[in-house]
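1. A structural model of the following input is requested.
(chains A and B)
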Amino acid sequence: MTTLIAIAGLGIICLIAEIFNLRKAIVPVSIIGLLAILGLNITELNLVGSTYYNNMIVENNYSRIFSALFIVLTTFLVALSPEFHKNHKTKISDFVAIKLFLLAGAVAMVSFGNLAMFFLGIEILSISLYILAASEPKNVSSNEAGMKYFLMGSFASGVILFGIALIYGATGSFDVETIYNTVSGGNIPGWFFIGIVLLTIGLLFKIAAVPFHFWAPDVYEGSPALTTATMSTLAKVAAMAAFFKLMKGLNHEVPGTYVTIIIIVSALSMFVGNLMALKQSNVKRMLAFSGISHAGFMLMVFLSPPTTTGVLFYYAAAYGLAGIAAFAVVLSVCGNKGNEEIYNFNGLGKTHPLMAAVLTCSLLSMAGIPIFSGFFAKFFLFGEVLRAGQVAIVIIAVVNSIISVGYYFKLILAMYTKDSTEEKQAVPFAYSVVAVVAILLNIALGLYPDLVLGYL
Amino acid sequence: MENILQQIGIENYIYLSTLLFCVGAFGVLYRRNAIVMFMSIEIMLNAVNLLLVAFSTYHQDAAGQVFVFFSMAVAAAEVAVGLAILVAIYRNLNNIDIDSLKKLKG
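-> Residues are numbered from 1 along each chain as shown, chains lettered A, B, ... in the order given. Have a look, this model is predicted:
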C-alpha cells in the first residue's frame, strides 16, 4: 500500500518540479525515490499479508516481490530517459512522470484484491503506454503505432470489462476472495465461465500471445525505442503477473479444457513468434516477435499453477533484465540513426567491445544458454511442467528454444564477424551503466536463484 | 410494487448488452473512419455499463453501480488520449482514415 502511494506521490512530485523550474533534479530525484521505495518494499517482504480499503488491495509476498521487479525495471527506464529525450529537454518531466504512473498501474495490477482495482491498474498501465507510444507527434510511425495500440488496447479493455461484468453477474461480487468462495460452493450460472473466457482473451491481447499478437510487431517498431523497451519488459511482465494472479484467484482448479487452450496458445505463440522473428531485419521488430515467443513460454506456468509461482517470477525477472540490457545497447547504437536495422550493428564487437558483450550476454540469456538466468528460468519452468505431466508442450518449448538461437545469433554474428562501415561514436554514459548493471543483475540471478525463489 | 426487472427478466438485459457489445465490436472491425471507431469503442464500454447496472439491481448490491463510475471515468480518460493521437495524425496526414496508416509492415 505504501509502495503504491509513494510511487504515485513521486510521479506528482515530478510534475510539480517542472512548475518550480527544477528540471535538472527530476531524474536524480526519481531514481533516488524509486530506490528508496524499492528498499521499503523489500523490507516488507516476509511480513504477514495484509489488506487495505475493504480488500481493495491485498499485499502478500507475490505482490511485493513483483512490485520490486517492476520498480527495478522502471528505475532502469527512468535512468535511460534523459539521454533518450535529450532533444526534448522541456518535456522530461512528462516522460518521467508518465513512466512513474505506469509503474503505479503495474503495482496495482499485482496487488489487487478486487476486480475494480485490477481494472483500474490495467487501464492506468495501458493509457500511459498509449501516450508513450504516440509521444513523437511529428513522426508518422509513432502516430500509427499509438493509434494501433490505442484501438487494440481499448478493444481489449472492453472485452475485459465485459468479462468482469459477467463474473459480477454470476457471483454478485467484485471481491476476488468472495468470488472464489462462491465458485467453490458450486451452482454458478454459465455466464461465469463466459466471463472467465472473455477476461482470458483480453489479457492474452495485453501480453501479445498468438492469436492476439498481430498488433505487437507494428506497435513495437513504430514506437520510440524507449517505449518499446517499456512495453516489452515492464508491460508484458506486469500483464503476465496480473493474469496469473487473477486466474489463480478466481479458479479453484484449472479445468481440463482451459489447460488444452493454454497449451495450444502457448505452442502457437512460441512457433509464430520464433519463426516470424527469423526473417526480420529490424531489431525492434525482431525483439517484438521474440517477446511473443517469451509470452508463450511464460503461459506454460498455467499448466501447474500451485508450484510455478516462483518460476514465473524468476522467468519474468530474467526476461525483463535481459530485455532492458538489450534495449540499452540498441538505444546506444541506433540512437541517432533513425532506424534499427541489423546492419547498424555491424562491427560493434570491434568499435564498442563492452556494448557488444552486453548485447551478446542478454541475447544468450533470452535464448537460454547456461550461466545466464534465462537458462535457469527455462530449466525450472520445464522441470515444473514435466512434473505436471505435460510432456508434449515441453518438447515443443525445447524445439523453440533451439529455433530462437537462430535469430539471436544473426545479431551476434553481425556484431563480431562483419566490419563496421561507420565511424566510432561515443556511447552515452547512462546507456552503458544501465546495460552493464542490468546484465550483471541477470547473471547474479542466474548464479544465485535462491535469492528470489525463497520468497515464493 | 412489482419489480420491473422480474417482469422483463435478467436474460433479456444480458441479450441486449451482448447485442450492443457486438455492434460496437463490429463497428471497430469494419468502419475505417477513426472517429466512428472511437464511437464504436464507446458503445462497447456503454454496453458493459448497462449490463453492470442491470446486474447491480438484480443482486440488490450497489457495488455494480459504483463500478460503472470507474469505467466511465476510465473511458473518458482513454478517449481523451485517443483524440489527442487522432489530432496528431490529422496534422501529419490531413485525414483520419485508418487505412492511410500503413507505414509499418512486415
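2. A:Gly446: neighbour count?
-> 20 (other Cβ atoms under 10 Å in any protein chain shown). To be clear about C-beta, it is placed using only N, CA and C from the backbone, and glycine gets the same treatment.
3. What is the distance between the helix or strand containing it and the centre of its chain?
-> Assigned by DSSP states H and E, A:Gly446 falls within helix A:429-447. Centre-to-centre, helix A:429-447 and its host chain are 17 Å apart (Cα atoms, centre = their mean, to the nearest Å).
4. what's the average pLDDT for it?
-> In this model, helix A:429-447 carries a mean pLDDT of 93.
5. after it, next one along is what?
-> helix A:450-453.
6. Output the below-cut-off pLDDT ranges for chain B.
-> Flagging of chain B using pLDDT under 70 yields the residue ranges B:1-2, B:106.
7. okay, and for chain A, where does confidence drop off?
-> A:252.
8. How about residues contacting stretch A:305-317?
-> By Cβ atoms under 8 Å, 6 or more residues apart in numbering or on different chains, the residues outside stretch A:305-317 that reach it are A:62, A:65-66, A:69, A:237, A:240-241, A:244, A:247-248, A:254, A:297-298, A:300-302, A:373, A:376-378, A:380-381, A:384-385, A:387-388, A:445, A:449, A:452-453, A:455-456.
9. Mind checking which of those are in strands?
-> Among the contacts of stretch A:305-317, no member falls in strands (criterion: DSSP state E).
10. For PyMOL, write the select line for the buried members of those.
-> Buried members of the contacts of stretch A:305-317, defined by 16 or more other Cβ atoms under 10 Å in any protein chain shown, are picked up in PyMOL with:
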select buried, chain A and resi 62+65+66+69+237+240+241+244+247+248+254+297+298+300+301+302+373+376+377+378+380+381+384+385+388+445+449+452+453+455+456
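11. I'd like to know which of the contacts of stretch A:305-317 are part of helices.
-> Within these, residues falling in helices by DSSP state H are A:62, A:65-66, A:69, A:237, A:240-241, A:244, A:247-248, A:297-298, A:373, A:376-378, A:380-381, A:384-385, A:387, A:445, A:452-453.
12. Let me know whether B:Gly24 touches B:Ser40 as I believe.
-> Yes: at 4.7 Å, B:Gly24 and B:Ser40 qualify as touching, with contact defined as Cβ atoms under 8 Å.
13. chain center to stretch A:54-71, what's the gap?
-> Its chain's average C-alpha position is 16 Å from that of stretch A:54-71, according to Cα atoms, centre = their mean.
14. which secondary structure elements does the helix ranked longest in chain A contact?
-> With secondary structure taken from DSSP H, chain A has its longest helix at helix A:140-171. Judged by 3 or more Cβ pairs under 8 Å, 6 or more residues apart in numbering or on different chains; DSSP states H and E, helix A:140-171 is in contact with helix A:115-133, helix A:176-184, helix A:191-207, helix A:215-222, helix B:10-30, helix B:34-59, helix B:63-93.
15. Would the very next helix or strand once past the shortest one count as contacting chain B?
-> The one in question is helix A:215-222. Under the assignment DSSP H and E, the closest C-terminal helix or strand after helix A:215-222 is helix A:225-230. No: Helix A:225-230 stays out of contact with chain B when judged by Cβ under 8 Å from any Cβ of the partner chain, the minimum separation being 12.2 Å.
16. Now helix A:225-230: buried residues?
-> A:Ala225, A:Leu226, A:Thr227, A:Thr228, A:Ala229, A:Thr230.
17. For the residue lying farthest from the centre of chain A, which three-state class applies?
-> No residue in chain A sits farther from the centre than A:Asn187, which is 36.9 Å out by Cα atoms, centre = their mean. Here A:Asn187 is coil, with the state taken from DSSP: H, G, I helix; E, B strand; the rest coil.
18. again, but for A:Leu47
-> Applying three-state DSSP: A:Leu47 is coil.
19. Likewise for the one 4 residues further on?
-> Under three-state DSSP, A:Thr51 falls in the strand class.
20. again, but for A:Asn21
-> Classified using three-state DSSP, A:Asn21 is coil.
21. Can you pull the phi/psi pair for it?
-> Main-chain torsions, A:Asn21, degrees, to the nearest 10: phi 60, psi 40.
22. and if you look at A:Glu59?
-> Per-residue torsions, A:Glu59: phi -110, psi 130 (degrees, to the nearest 10).
23. my guess is it contacts A:Tyr52, does it?
-> Yes: if you go by Cβ under 8 Å, A:Glu59 and A:Tyr52 touch, sitting 7.5 Å apart.
24. With neighbour numbers in mind, choose between those two.
-> Neighbours per residue (other Cβ under 10 Å) separate A:Glu59 from A:Tyr52, with A:Glu59 holding more: 23 against 14.
25. what's across from the residue in the stretch 301-450 of chain A positioned nearest to chain B in the sheet?
-> Nearest residue of the stretch 301-450 of chain A to chain B, counting by Cβ to the nearest Cβ: A:Glu341, 11.7 Å away. On the basis of DSSP bridges, A:Glu341 is bridged to A:Asn282.
26. Number of residues surrounding the closest residue to A:Leu15 other than its chain neighbours?
-> In space, and not counting its chain neighbours, A:Leu15 is closest to A:Ala97: 5.0 Å by Cβ to Cβ, 6 or more residues apart in numbering or on different chains. Using other Cβ under 10 Å, A:Ala97 has 22 neighbouring residues.
27. Go ahead and list the helix or strand containing A:Ala97.
-> helix A:92-110.
28. returning to what we had before: list the residues that contact both of A:Glu59 and A:Tyr52?
-> The contact sets of A:Glu59 and A:Tyr52 overlap at A:Met1 (Cβ under 8 Å, 6+ apart).
29. For the stretch 51-200 of chain A, what lies in contact range of chain B?
-> Contacts of the stretch 51-200 of chain A with chain B, taken as Cβ under 8 Å from any Cβ, map to A:116, A:119-120, A:123, A:126-127, A:130-131, A:134, A:137-138, A:140-141, A:143-148, A:150-151, A:154-155, A:157-158, A:161-162, A:164-166, A:168-169, A:172-174, A:191.
30. Show me which of the residues you listed are buried.
-> Of these, these count as buried by 16+ other Cβ under 10 Å: A:116, A:119-120, A:123, A:126-127, A:130-131, A:134, A:137, A:140-141, A:143-148, A:150-151, A:154-155, A:157-158, A:161-162, A:164-166, A:168-169, A:172-174, A:191.
31. Contact partners for the closest residue to A:Leu203 other than its chain neighbours?
-> Leaving aside its chain neighbours, A:Leu203 sits nearest to A:Phe243 (4.4 Å; criterion: Cβ to Cβ, 6+ apart). Contacts for A:Phe243 (Cβ under 8 Å, 6+ apart) come out as A:Thr200, A:Leu203, A:Lys206, A:Ile207.
32. swap in A:Ser432?
-> A:Ser432 makes contacts with A:Ala328, A:Ser332, A:Leu354, A:Met355, as judged by Cβ under 8 Å, 6+ apart.
33. What lies in contact with whichever strand or helix holds the last one?
-> If I follow you right, that is A:Met355. A:Met355 belongs to helix A:353-367 when elements are defined using DSSP H and E. For helix A:353-367, contacts defined as Cβ under 8 Å, 6+ apart pick out A:290, A:294, A:318-319, A:321-323, A:325-326, A:328-330, A:332-333, A:345, A:348-349, A:372-375, A:401, A:404-405, A:408-409, A:411-412, A:415-416, A:427, A:431-432, A:435-436, A:438-439, A:442-443, A:446.
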